[in-house]
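In: Here is a sequence together with a model predicted from it:
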Amino acid sequence: MPIQKALGLAEERQLDLVRIAPNAKPPVCKIMDYGKYMFELSKKEKEARKNQKVINIKEVRLSASIEEHDLGVKARNADKFLKAGNKVKVTIRFRGREMAHSEIGYEIMEKFISMLSVDVVVERKPRLEGWNMIMILAPNN
């Protein structure tokens, strides 16, 4: 239908003529209340944001010479973070000559994973980055 006729129809019904597909041949238009349409669209976006879950990365720091009990305390804290749905970044900082024994860090990381009560996915395996060994864990959902 011609544009003038469509505009006349829209004015008659006190609505707006909105282009749906302007690049189509011929352009596709729709008669609707544009203000109501934008309101509904913003309502849907708000609802989608409300249902969205934000995942944070929490950090647990260990050392190469950590004791068994301290490791257990850190594992319980990591459990809490994982149960809340957050990711956990486990970091071991090596100092001085500890750097020569990086295999100790790998053993501590393995022991740490076995102490967790939550089922986890190792998102990033333990890897040395400078003086730090970093591993990232995520809850298995």
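Out: In hand now; what should we look at? Residues are numbered from 1 along each chain as shown.
In: Identify the bridge partners of the closest residue to residue 62 other than its chain neighbours.
Out: Spatially, and ignoring its direct neighbours in sequence, residue 62 is nearest to residue 92 (4.8 Å; CB to CB, 6 or more residues apart in numbering). Backbone N, C-alpha and C define where each C-beta goes, glycine included. Beta-bridge partners for residue 92, by DSSP bridges, are residue 62, residue 133.
In: show me the contacts for residue 92.
Out: Residues counted as contacts of residue 92 (CB atoms under 8 Å, 6 or more residues apart in numbering) are 61, 62, 63, 64, 105, 108, 109, 132, 133.
In: and those residues as CSV, adding neighbour count and distance to residue 46?
Out: Conversion of the contacts of residue 92 to CSV gives the following (neighbours: other CB atoms under 10 Å; distance: CB to CB, whole Å):
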residue, neighbour count, distance to residue 46
61, 12, 38
62, 21, 41
63, 16, 45
64, 18, 48
105, 22, 46
108, 20, 45
109, 20, 42
132, 13, 41
133, 22, 42
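In: how about the lowest-mean-pLDDT helix or strand in the chain: buried residues?
Out: Scoring the helices and strands of the chain by mean pLDDT, DSSP states H and E places strand 16-21 at the bottom, with a mean of 84. For strand 16-21, burial by neighbour count (16 or more other CB atoms under 10 Å) applies to 16, 17.
In: Check which helices and strands that strand sits against.
Out: helix 3-12, strand 28-32, helix 34-51 (3 or more CB pairs under 8 Å, 6 or more residues apart in numbering; DSSP states H and E).
In: Give me the distance from the shortest one to the chain's centre.
Out: Think strand 28-32. Distance of strand 28-32 from the chain centroid (CA atoms, centre = their mean, to the nearest Å) equals 38 Å.
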